[in-house]
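Student: for reference, the sequence and a predicted model appear below.
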Amino acid sequence: MIIGVLREPAPETRVSLLPEGVAALTRKGQTVWVESSAGQQSFASDEDYRNAGAQIGSATEILDSAALVLSMHPPRQSIKTGTVLIGVFQPLYQQQLMAAWAASGLTVFSLDMLPRTTRAQAMDVLSSQANIAGYKAVLLAAQLYPRYFPMFMTAAGSVAPAKVLVLGAGVAGLQAVATARRLGAVVEVFDTRPAVKEEVQSLGAKFIEVEGAADASRAGGYAVEQSEAYLQRQQQRISDSIAKADVVITTAQIPGKKAPVLIQEDMLRRMRSGSVVIDLAAATGGNTPFTQNNEAVHFNGVSIVGNSNLAASMPADASKLYGKNITNFLSLLFNKEGGLHLNWEDDLVKGACIAHEGAVVNERVKSLISEAV
């Protein structure tokens, strides 16, 4: 079977599979075709891919020949009926595209829909990329913040450490905490899930508790919407912490919905001039009312940077981790002879599948399509 790897559209710098991933697949008897220059931005040359056993071709050649296509983002070209397409397509926000692909006879797997279970960790693209995003969010904040992060005591006087507030203690948030602590900042963390308190404290940060959060244990590891009463208490606690914060890293998102606005205008007005907000939820609206995706906005002396794709700023390692996630997922789709075998009894295969045999099969996506009609 031919597996195709497409070059991602600009400004994306990552690639679905590096040469090491190609080598792993070719050792298992698979044939891999890679679009010319697909790995250039991730520091992998066409020659590197050839040495790993890949054939280099154009997007048209790959889409005409491959039975399974890897593309992180929706391909720019038309795709032949019967193709298996694997990427991160945000189907909860792109329902019409999913419906169109289903009507075209594609089988579509979107790995951002994988259940957040222990077994899925090895193929959890959201976590592998969020880890990088949390790390880079703090480094970006440190670059923009006009003061030191650590405490300094010098003959010229003392400098107090930066106060960092992290909203959301998922993978990105916890990595942001760890990175900020390594840089010497004092860190506070807010999350609706009390269960993460121990992890936060183990990293040396203070956990901000708010009573009455909705139970997220049945949401497959994703965030859930909260009651109005809880949101009011949450806003007050966040407001108190933001007034003291020099840097805020926001990561709060709810799958299929607009990101909650956690930082209101009056809170931003209470932050001192020169403070920085890095909003990782920018692609779904952002956690502030002024966030613009892929832009830096200045409000009352505060820099608000919207960036939901910080992982792409480290394309070599981001592609390496993503590619490992992909190869782990592909192992679920092949039988012992290396042929394609879609086991619908497997909760990971079923959970990640969006379209198959001419229909949208994911219940959440189907429901959203029905609501939009």
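Tutor: Yep, that arrived.

Student: and the protein, what are its domain boundaries?
Tutor: 2-105+315-372, 130-313 (automatic domain parsing).

Student: residue 56 should be in a strand, yeah?
Tutor: Yes - assessed with DSSP: H, G, I helix; E, B strand; the rest coil, residue 56 lies in a strand.

Student: which residues does it contact?
Tutor: 33, 34, 35, 36, 46, 49, 50 (C-beta atoms under 8 Å, 6 or more residues apart in numbering). (Each C-beta comes from the backbone N, C-alpha and C, glycine too.)

Student: from residue 200, how far out is it?
Tutor: Distance from residue 56 to residue 200, counting by C-beta to C-beta, to the nearest Å: 47 Å.

Student: so how far is residue 59 from the most far-flung residue of the chain relative to its centre?
Tutor: Relative to the centre of the chain, the most outlying C-alpha is that of residue 155, 44.2 Å out, by C-alpha atoms, centre = their mean. For residue 155, the distance to residue 59 (C-beta to C-beta) stands at 62 Å.

Student: what residues sit buried inside the lengthiest helix in the chain?
Tutor: Counting residues, the longest helix found in the chain (DSSP state H) is helix 125-144. Buried residues in helix 125-144, counted by 16 or more other C-beta atoms under 10 Å: 125-142, 144.

Student: and that helix, what does it pack against?
Tutor: Using 3 or more C-beta pairs under 8 Å, 6 or more residues apart in numbering; DSSP states H and E, the elements in contact with helix 125-144 are helix 171-182, strand 247-250, strand 276-279, strand 302-306, helix 315-330.

Student: and that helix with helix 171-182, angle?
Tutor: For helix 125-144 against helix 171-182, the angle by axes from the mean of the first three to the mean of the last three C-alpha atoms, to 10 degrees is 40 degrees.

Student: please list the outside residues in contact with stretch 308-319.
Tutor: Stretch 308-319 is touched from outside by 11-18, 39, 41-44, 128-130, 132-133, 136-137, 140, 280-284, 293-294, with contacts defined as C-beta under 8 Å, 6+ apart.

Student: my error: substitute stretch 152-164 in the last question.
Tutor: Counting by C-beta under 8 Å, 6+ apart, 138, 141, 145, 147-151, 176, 180, 184-188, 244-249 sit against stretch 152-164.

Student: quick check, distance from that stretch to the centre of its chain.
Tutor: Computed by C-alpha atoms, centre = their mean, to the nearest Å, the chain-centroid distance of stretch 152-164 equals 34 Å.

Student: what residues of that stretch count as buried?
Tutor: 161, 162, 163, 164.

Student: over to stretch 39-52?
Tutor: The neighbour-count check on stretch 39-52 (16+ other C-beta under 10 Å) flags 39, 41, 42, 44, 46, 48, 49, 52 as buried.
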